[in-house]
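**Student:** The amino acid sequence is not available; the structure is as follows:
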C-alpha cells in the first residue's frame, strides 16, 4: 500500500524508461527535437558502435592485420537486429563496463572464429570517442542548415524593415530612433558568425580516435597510422595528428559553440518577448484559435515559445561549464572527463536544436506592428532627440558647452514633467541659435535614423552572400 493513501502508485506495467525531460512525452519537443532524440537514441548508439567496429575490422583486413574473410564476417554481422540488447544489458550489469557487454554479444553474433578478431588492438575509448564524433557530426548536419534557414528568414525580415522607424533602447530606457531592420540585422550578423564557427569547428572536431590503450598504437604493430587513415576514411571522419584520449578541447569546443548559438537565440527571443508586452506592442507571436495561454485567465496569449528559448539557453549555459571542467584529466586517460561529456554533449544538442526549431517558428510567424513602433518613437521623440539637439547647437557654441546646456534642460524637463522643446524655446542661449524650421527638424525622430538602412543592407547582403556560397 502507498505510504500516502491519497496518492496512486505507478502502474505495475510501467518500466520507468522515460525519466529525463528531453525524452518525456509530456513535455513534447520543448526540451529536445525529434532529430536530437534520434541521434542520441540508445539503440542508434549501439548500432553506431557496431559500425565503428566493422570499419575497424575492414581497415585491418585490407592491410592484412586480420584475415580479410574474418573482417567481412564481422562487417556483415554488425547489424543491431542480430544483437540481443537485453543480453548486452545483462553483460553491462555483470561486468560494470560500458562497452564489454556489447563486444561479448557481438562476438557471439560473429561466430567462434571471426568473433576472435573484433576490436583488435583498439581500446574502449577509441570506439566511444569515435562514436561521439559521429554524433557531433550528425548534430552539425541538422543544426547548420536549420541555422542557415533561420538566418535567411531574419535577413528577409531585416530587408523588409530597413526603413521602418523604431525606438532604440539602451539600459531598458529610450535612447535614439533607429530602424527595426537594423535591430534584426544585428541578430542576423551574430547568427552568421555562429554559422561560420560551426563550419570551422567541424574540421577540427569531427575526427576519429584510434590510438590504443595509451595513445601509442602499439596494438597495431607498425600499421597504426595506416589503419587510422583507412578507418577514418570509411567513417567519413578527419584524421587527428595524435591521440586525444586526454585532450578534450574538441568536445568542449563543440559544447561551447552550441551554448553560444543558443545564447544568441535566447537574446533574440527575449527581445521579442519584451517588445510583445502590451506596453510596447511592437511585435507579437502568431496566434491560432484553440491555443490556450492560461487555465484561469481566458484572455491570455503568452509568448511561451519565446520564453522556452530562454530556458534552453540557461540550461545550455550549464553544459558549457560542465564541458570546461571535463578538460582537466590525468595522464593519458581519465574517465572523470569522459563521463561528463556523455551527459553534457547530448543535453547541449537537445537544448540547442530545440531552441533553433522554436526560434524559427517564432520568426516565420512574427507579426510586426510598424504603426506601434512609429507611435512609441514619436511619443519619446521629445526626449530622445537630445543628441541631435546637442550636436546641432554644438556647431554654434561647441559640443561640450552644448552638452552641458542640453543636459541641464533635459534633466529639468524630466524633473518638472515638461516638454524639452517648450524649455528650448524659453532658453535664449539655445533658441537664439536655432530657427523654427531647424527646431522642427531636430525633433523629427523619423529623419534621424542615421545609417540604419545602409547598415541593414550590408548585413542582409553579407548573409545572402554567405548562404549562397554555403546553400541550405
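**Tutor:** Now that the structure is in, tell me what you want to look at. In this text the structure is predicted, and so the values were computed from the model without any measurement.
**Student:** what's the helix or strand for the closest residue to residue 38 other than its chain neighbours?
**Tutor:** In this structure, residue 38 finds its nearest non-sequential neighbour in residue 44, 6.7 Å apart by CB to CB, 6 or more residues apart in numbering. Using the backbone N, CA and C atoms, a C-beta is placed for each residue, glycine as well. Following DSSP states H and E, the helix or strand that holds residue 44 is helix 42-62.
**Student:** Can you give the distance from that helix to the centre of its chain?
**Tutor:** 29 Å (CA atoms, centre = their mean, to the nearest Å).
**Student:** what mean pLDDT does it have?
**Tutor:** Averaged over helix 42-62, pLDDT sits at 96.
**Student:** Report the buried residues of that helix.
**Tutor:** With burial defined by 16 or more other CB atoms under 10 Å, the residues of helix 42-62 counted as buried are 44-61.
**Student:** helices and strands around that helix, which ones?
**Tutor:** helix 68-77, helix 85-95, helix 100-110, helix 124-160, helix 224-235 (3 or more CB pairs under 8 Å, 6 or more residues apart in numbering; DSSP states H and E).
**Student:** quick one: contacts of it?
**Tutor:** 38, 66-68, 70-72, 74-75, 78-80, 83, 85, 88, 99, 102-103, 106, 117-122, 127-128, 130-131, 134-135, 210, 220, 223, 227, 230-231, 234-235 (CB atoms under 8 Å, 6 or more residues apart in numbering).
**Student:** hmm, try it at 6 Å
**Tutor:** Residues from elsewhere that reach helix 42-62 (CB atoms under 6 Å, 6 or more residues apart in numbering): 66, 68, 71, 74-75, 78, 80, 118, 120, 122, 127, 130-131, 134, 227, 230-231, 234-235.
**Student:** about what we covered before: can you say which of the helices and strands packed on helix 42-62 is nearest to residue 312?
**Tutor:** Set against residue 312 and scored by CB to CB, the helices and strands packed on helix 42-62 come closest in helix 124-160, at 13.1 Å.
**Student:** That closest one: which residues count as buried?
**Tutor:** Buried residues in helix 124-160, defined by neighbour count with 16+ other CB under 10 Å: 124-140, 142-144, 146-151, 153-160.
**Student:** again, but for stretch 453-472
**Tutor:** 453, 455, 456, 457, 459, 460, 463, 464, 466, 467.
**Student:** now stretch 231-245
**Tutor:** 231, 232, 234, 235, 237, 238, 240, 243, 244, 245.
**Student:** Turn those residues into CSV, including pLDDT.
**Tutor:** Below are these laid out as CSV (pLDDT from 0 to 100):
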residue, pLDDT
231, 98
232, 98
234, 97
235, 97
237, 98
238, 98
240, 97
243, 96
244, 95
245, 95
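**Student:** Pull out the buried positions in the helix or strand bottoming out on mean pLDDT in the chain.
**Tutor:** None of the helices or strands of the chain scores lower by mean pLDDT, DSSP states H and E than helix 428-431, at a mean of 81. Buried positions in helix 428-431, judged by neighbour count with 16+ other CB under 10 Å: residue 430.
**Student:** Please name every helix or strand in contact with the helix or strand that it is followed by.
**Tutor:** Downstream of helix 428-431, the next assigned helix or strand under DSSP H and E is helix 436-442. Packing partners of helix 436-442 (3 or more CB pairs under 6 Å, 6 or more residues apart in numbering; DSSP states H and E): helix 386-397.
**Student:** quick check: angle from the helix or strand following the helix it packs on to helix 386-397?
**Tutor:** On the C-terminal side of helix 386-397, the nearest following helix or strand under DSSP H and E is helix 399-416. Calculated by axes from the mean of the first three to the mean of the last three CA atoms, to 10 degrees, helix 399-416 forms an angle of 140 degrees with helix 386-397.
**Student:** helices and strands around helix 399-416, which ones?
**Tutor:** helix 386-397, helix 420-426.
**Student:** need the ones you listed in JSON lines with distance to residue 314, mean neighbour count and mean pLDDT, can you?
**Tutor:** Listed next are the helices and strands packed on helix 399-416 as JSON lines, based on distance: least, CB to CB, whole Å; neighbours: other CB atoms under 10 Å; pLDDT from 0 to 100:
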{"stretch": "helix 386-397", "distance to residue 314": "35", "mean neighbour count": "17", "mean pLDDT": "94"}
{"stretch": "helix 420-426", "distance to residue 314": "40", "mean neighbour count": "16", "mean pLDDT": "90"}
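**Student:** would JSON lines of those with distance to residue 371 be doable?
**Tutor:** As requested, the helices and strands packed on helix 399-416 are exported to JSON lines (distance: least, CB to CB, whole Å):
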{"stretch": "helix 386-397", "distance to residue 371": "23"}
{"stretch": "helix 420-426", "distance to residue 371": "23"}
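**Student:** Quick one: closest of the ones you listed to residue 322.
**Tutor:** Of all these, helix 386-397 sits nearest to residue 322, with 44.7 Å by CB to CB.
**Student:** Need the residues that contact the closest one.
**Tutor:** So helix 386-397 is contacted by 402, 403, 406, 410, 430, 433, 442, 448 (CB under 6 Å, 6+ apart).
**Student:** Could I get the contacting residues of the second one?
**Tutor:** Contacts of residue 403 were listed using CB under 6 Å, 6+ apart, and they are residue 390.
**Student:** Nothing else from me, thank you.
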